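Q: just the structure for this:
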Amino acid sequence: MKILIIEDEQPQAFRLAKCLSEIDDTIIVKDIIPSVSQSVEYLKNHPVDLIFLDIHLSDGLCFGIFEKVTIECPVIFTTAYDQYAIEAFKHNGIDYLLKPIMKEDVQKSITKFQSLTGYSNDYKRILATLEAFEKFQNVKHRFVCQLGRKLKIVTDSEIAYFYACEGSVFIRTHKNENLLFDDTLENVEKKLDSYHFFRLNRKMIAHISSIKEMLPYSKSRLKINLIPEFSDDVIVSYQNIRSFMKWIKK
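A: You can find the predicted model right below:
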């Protein structure tokens, strides 16, 4: 098993190399490299089976390596910080070890690497789970709106659609209330559950339950009739139809 250690703290790197040799005598530590730039040059010409990769290197964050060279093998990230876990799993990560690293931690990581079958699918599954969790945490479910001189809280399940009008954003509820909402459609779109909401055009984001019917329209576009009814024609452009139909069929 050919392993590359990328670590800018030499004592840490030597301890890890010694630990690996004690765990499995078939492991060969091919090299110890301290920087992003040297790692890029090395990996262009030297394939390895596994990389132990420190996140903070002498010339920047390790993620810069992945921007300059394609890495096919699994990566075990090592760091004193825990905020990079999701980013790490986007870059072939199969484990994430927090310093100080104990021998038993390394043993578990090596065992995990050795037991992996269909590695690519495994790490992509882990990444998908992490991203789904991160997205779930960021989804907004309650909105504070203005109704006359009063403030009102509405939940996402009460909302038929968001729409822009004369520089302001409004919420139309299933009860046909029009509520002023102090935000932009761009920001709103980022906070909504994309399973239930879709950006129909630059002026409208609709909940799936508000779509009454879809009608062919000129220039290969779609006209959407909504519930409650909207005063203007709601048109989905030709360029956006494929994404819209994919969303509808979820």
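Q: correct me, but residue 80 touches residue 98?
A: Yes - if you go by C-beta atoms under 8 Å, residue 80 and residue 98 touch, sitting 6.8 Å apart. The C-beta positions use only the backbone N, C-alpha and C, and glycine is treated the same way.
Q: what residue of this protein is the furthest out?
A: Residue farthest from the centre of the chain, counting by C-alpha atoms, centre = their mean, is residue 149 at 39.2 Å.
Q: can you tell me which residues contact it?
A: Contact analysis of residue 149 by C-beta atoms under 8 Å, 6 or more residues apart in numbering lists nothing.
Q: pLDDT score assigned to it?
A: At residue 149, the model reports a pLDDT of 84.
Q: next one: residue 116
A: We have a pLDDT of 75 for residue 116.
Q: so what secondary structure elements neighbour the helix or strand where residue 19 lies?
A: Element membership of residue 19 [criterion: DSSP states H and E] is helix 10-23. Judged by 3 or more C-beta pairs under 8 Å, 6 or more residues apart in numbering; DSSP states H and E, helix 10-23 is in contact with strand 2-6, strand 28-33, helix 103-115.
Q: looking at the ones you listed, which is closest to residue 14?
A: strand 28-33 (7.6 Å; C-beta to C-beta).
Q: what comes up buried for stretch 215-223?
A: By 16 or more other C-beta atoms under 10 Å, the buried positions in stretch 215-223 come out as 217, 221-222.
Q: tell me where the protein has helices.
A: 10-23, 36-45, 63-68, 85-89, 103-115, 119-138, 185-191, 238-248 (DSSP state H).
Q: for the fifth one, output the C-alpha coordinates as PDB.
A: What follows is helix 103-115, C-alpha atoms only, in PDB (Å, rounded to 0.1, in the frame of the first residue of the first chain):
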ATOM      1  CA  LYS A 103      -2.700   5.400  16.900                       C
ATOM      2  CA  GLU A 104      -6.100   3.800  17.300                       C
ATOM      3  CA  ASP A 105      -7.600   6.600  15.100                       C
ATOM      4  CA  VAL A 106      -5.100   5.800  12.300                       C
ATOM      5  CA  GLN A 107      -5.800   2.100  12.700                       C
ATOM      6  CA  LYS A 108      -9.600   2.600  12.200                       C
ATOM      7  CA  SER A 109      -9.000   4.800   9.200                       C
ATOM      8  CA  ILE A 110      -6.700   2.200   7.600                       C
ATOM      9  CA  THR A 111      -9.200  -0.600   8.400                       C
ATOM     10  CA  LYS A 112     -11.900   1.500   6.800                       C
ATOM     11  CA  PHE A 113      -9.800   2.100   3.700                       C
ATOM     12  CA  GLN A 114      -9.000  -1.600   3.400                       C
ATOM     13  CA  SER A 115     -12.600  -2.700   3.800                       C
END
